[in-house]
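[1] Here is a sequence with its predicted model. Questions after.
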Amino acid sequence: MDNCIFCKIIAGEIPSKKLYEDEEVLAFWDIAPQSPVHFLVIPKKHIARPADVTEADDALIGKLIRIGSQLAKEHNTDDGFRIIFNNGAKAGQEVFHIHLHIIGGRDKPWAL
Ligand code: AMP
């Protein structure tokens, strides 16, 4: 997708600090962390928003949650982390390529 910053990260055109990658999913550290552990899990398929997910994407979206949770465990934050999907500018979505935030590493990591 042209002009999508996360598609450019997937393509290697913009650098990122990767935690995980396979043929469908990429996880990387957030550039402006809100908590000691804050990373993003994205599908390589360009889907703009959660509201654009179709039934065909059900397994892929479940995989984002599974991979994100496994990575949280590897970073010793599986006793308490927050999963956030923002949908739309009103909700604070800035990058229109669907992404799951994993936020942890401190008590009550509410703020984003
Ligand atoms: P959202 O507000 O839900 O769209 O979140 C977008 C997130 O992407 C923010 O937390 C940003 O800090 C993060 N972000 C934007 N550009 C980059 C980048 N080049 N590398 C890593 N994270 C980024």
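    Yes, it's here.
[2] remind me, longest helix of the chain?
    In the chain, taking DSSP state H as the definition, the longest helix is helix 58-74.
[3] Show me what the very next helix or strand once past that one packs onto, helices and strands only.
    Once the chain leaves helix 58-74, the next helix or strand it forms, by DSSP states H and E, is strand 81-84. Packing contacts for strand 81-84, counted by 3 or more C-beta pairs under 8 Å, 6 or more residues apart in numbering; DSSP states H and E, involve helix 58-74, strand 100-104. All C-beta spots, glycine's among them, are computed from the backbone N, C-alpha and C.
[4] buried sites along strand 81-84?
    By 16 or more other C-beta atoms under 10 Å, the buried positions in strand 81-84 come out as Phe81, Arg82, Ile84.
[5] strand partners of it, parallel vs antiparallel please.
    Take DSSP bridges as the rule and strand 81-84 pairs in its sheet with strand 100-104 (antiparallel).
[6] I'd like the average pLDDT over the lengthiest strand in the chain.
    Determined from DSSP state E, the single longest strand within the chain is strand 37-43. For strand 37-43, mean pLDDT is 97.
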